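Undergrad: got a structure for you, letters missing:
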C-alpha cells in the first residue's frame, strides 16, 4: 500500500528539502518507487533535484503545463484536475519521480479558504488534491510505494492540504532552541487542523451521505523526528548539540502525548520506550553546497569531484570529506530503513 509522508516543520532551515530528496533516493536504491511532490512555493526541492536551469524552463511558460500548477489550476476554475508531468533528476535514482513545484502555489494557497471551503464541507476536494493527483497517476499505471511531500515553513493552506492527504508526518529538527519551540506550535495547531477537517467532513456527508471517498483522509499519524545538522568530535555529538537533542526529544514526546490526548491514540505511531527519533544526520558542511550545485544526492557525492565554486572548477575530495560522505550516506540509509520497517 502506498504511504503518504509529509515532511514539515514550521521553522525554516531545518533540512526539510535536503532530507526529503536524500531519503527518497535511498528508498529508491532499496528497490522502492517514490514520488516527490514539491508543495513549497520556494521550489527548492525541484531546483535541487532537477537543476536550476532545467527548472527555469519548466516554469517560464505556464501554457506548456509542466509543473504542479497544470494539475491544480482547474480547482480554481471549477474545471477539475488537469494534466500531470513527472520528471527524474540527472543523478537521482530513476525510481524517484517528482512533480515540480511552482511559485504559483502561493495563489493556490490563498484560494484554500478554511471557512468557505473546509468548514462548510463544500470544497474539501481542494484540500485533498494531492490524493487525487496520485489516484490519477495510478489510473495511468504509475504506482508508488512512497509519496513524500516537501512543505513550506508555515501553517497555511498548503500544509493543511498535505496533512489531510498524508498517512504520516515527519518533523526535521536542528540543534537550536527554535526547533523545540516550533514543535510546541505544531502541538497547538495540529489538533485544530484535525477538528476543522472533521467538521467539514461531517457537513459534506450530510449532503453526500453515500459518498465515502474522503472517509479515510484527514487522519495523519506523527511518525517521528529527525535530528539534522549537528557536529561531532571523535564520532561523539558535541555537548551543546547533545543538550539540544535531549530537549527536542522531550518536546516531541510532549507532542505525541498531546496528540494522543486531544485527538486519540491513532494520531501517533506506536513506538517502544517513547522514542520517536527515526534517525540523525550530522552537519554536511561543504557537502551540502556541492550536492545542491551539482544536483547530486549527498550519498553519491564520492562518485563525483567537488566543485570549488560556481565557476565550475573541480578537485578531488579530501580523505576527511570522503569519510563524511560515507557517514552521511549510512545515516540517511538508516532513516530510510526505519521508514520502511515502521511505516
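TA: Great, that's in hand. Only a predicted model underlies this, so the values are computations on that prediction, with no experimental measurement involved.
Undergrad: pLDDT weak spots in the stretch 1-150 of the chain?
TA: Within the stretch 1-150 of the chain, the ranges that satisfy pLDDT under 70 run 62.
Undergrad: for stretch 66-86, buried residues please.
TA: By neighbour count with 16 or more other CB atoms under 10 Å, stretch 66-86 contains the buried residues 66-73, 75, 81-82, 84-85. (Each C-beta comes from the backbone N, C-alpha and C, glycine too.)
Undergrad: typed the wrong thing, it's stretch 274-291
TA: In terms of neighbour count (16+ other CB under 10 Å), stretch 274-291 has its buried residues at 276-284, 287-288, 290-291.
Undergrad: tell me the two of the buried residues of stretch 66-86 that are most distant?
TA: Largest separation among the buried residues of stretch 66-86 by CB to CB: 66 and 75, giving 17.7 Å.
Undergrad: Three-state assignment for residue 172, please.
TA: strand (DSSP: H, G, I helix; E, B strand; the rest coil).
Undergrad: and for residue 137?
TA: helix.
Undergrad: ok so, going back, in strands, which of the buried residues of stretch 274-291 appear?
TA: Judged by DSSP state E, the buried residues of stretch 274-291 include 277, 278, 279, 280, 281, 282 as members of strands.
Undergrad: which residues of the stretch 201-343 of the chain fall in strands?
TA: 221-230, 232-233, 236-237, 277-282, 306-307, 314-315 (DSSP state E, counting those that start in this stretch).
Undergrad: got it, and the stretch 1-150 of the chain?
TA: Assigned by DSSP E, counting those that start in this stretch, the strands in the stretch 1-150 of the chain fall at 3-7, 34-38, 96-99, 146-150.
Undergrad: quick one: closest of those strands to residue 23.
TA: Closest approach to residue 23 among the strands of the stretch 1-150 of the chain is made by strand 146-150 (7.1 Å; CB to CB).
Undergrad: quick check: next helix or strand after the closest one?
TA: Sequence order places helix 157-165 as the next helix or strand after strand 146-150, per DSSP states H and E.
Undergrad: list the buried ones in that following helix?
TA: 157, 158, 159, 160, 161, 162, 163, 164, 165.
Undergrad: on that earlier part again, and which of the ones in strands among the buried residues of stretch 274-291 is nearest residue 30?
TA: The closest of those to residue 30 turns out to be residue 279 (CB to CB; 14.5 Å).
Undergrad: list the contacts for the closest residue in space to the closest one that isn't next to it in sequence?
TA: Of all residues not flanking residue 279 in the chain, residue 335 sits nearest, at 3.5 Å (CB to CB, 6 or more residues apart in numbering). Neighbouring residues of residue 335 by CB atoms under 8 Å, 6 or more residues apart in numbering: 19, 23, 26, 226, 278, 279, 281.
Undergrad: circling back to that earlier point, ok, the buried residues of helix 157-165 vs residue 252, which is closest?
TA: Nearest member of the buried residues of helix 157-165 to residue 252, counting by CB to CB, is residue 163, at 16.8 Å.
Undergrad: any idea how far the closest residue to that closest one other than its chain neighbours is from residue 164?
TA: With CB to CB, 6+ apart as the criterion, residue 163 has its nearest non-adjacent residue at 5.1 Å, and that residue is residue 220. According to CB to CB, to the nearest Å, residue 220 and residue 164 sit 8 Å apart.
Undergrad: ok, now residue 340?
TA: The gap separating residue 340 from residue 164 is 24 Å, by CB to CB.
Undergrad: likewise residue 268?
TA: 17 Å.
Undergrad: again, but for residue 228
TA: 26 Å.
Undergrad: just to check, residue 76 is in contact with residue 113?
TA: No: using CB atoms under 8 Å as the test, residue 76 is too far from residue 113 to be in contact (11.6 Å).
Undergrad: which helix runs longest in the chain?
TA: helix 177-207 (DSSP state H).
Undergrad: who does that one touch, helix- and strand-wise?
TA: helix 157-165, strand 168-174, helix 239-262 (3 or more CB pairs under 8 Å, 6 or more residues apart in numbering; DSSP states H and E).
Undergrad: out of these, nearest to residue 37?
TA: Checking the helices and strands packed on helix 177-207 against residue 37 by CB to CB gives helix 157-165 as the closest, at 8.1 Å.
Undergrad: contacts for the closest one, please.
TA: Contacts for helix 157-165 (CB under 8 Å, 6+ apart): 4, 6, 8, 39-41, 105, 108-112, 114, 118, 126-131, 149, 151-152, 169, 190, 193, 196-197, 217-218, 220.
Undergrad: what about 6 Å?
TA: Contacts to helix 157-165, defined as CB atoms under 6 Å, 6 or more residues apart in numbering, come from residues 4, 6, 39, 109, 112, 127-128, 130-131, 149, 151, 193, 197, 217-218, 220.
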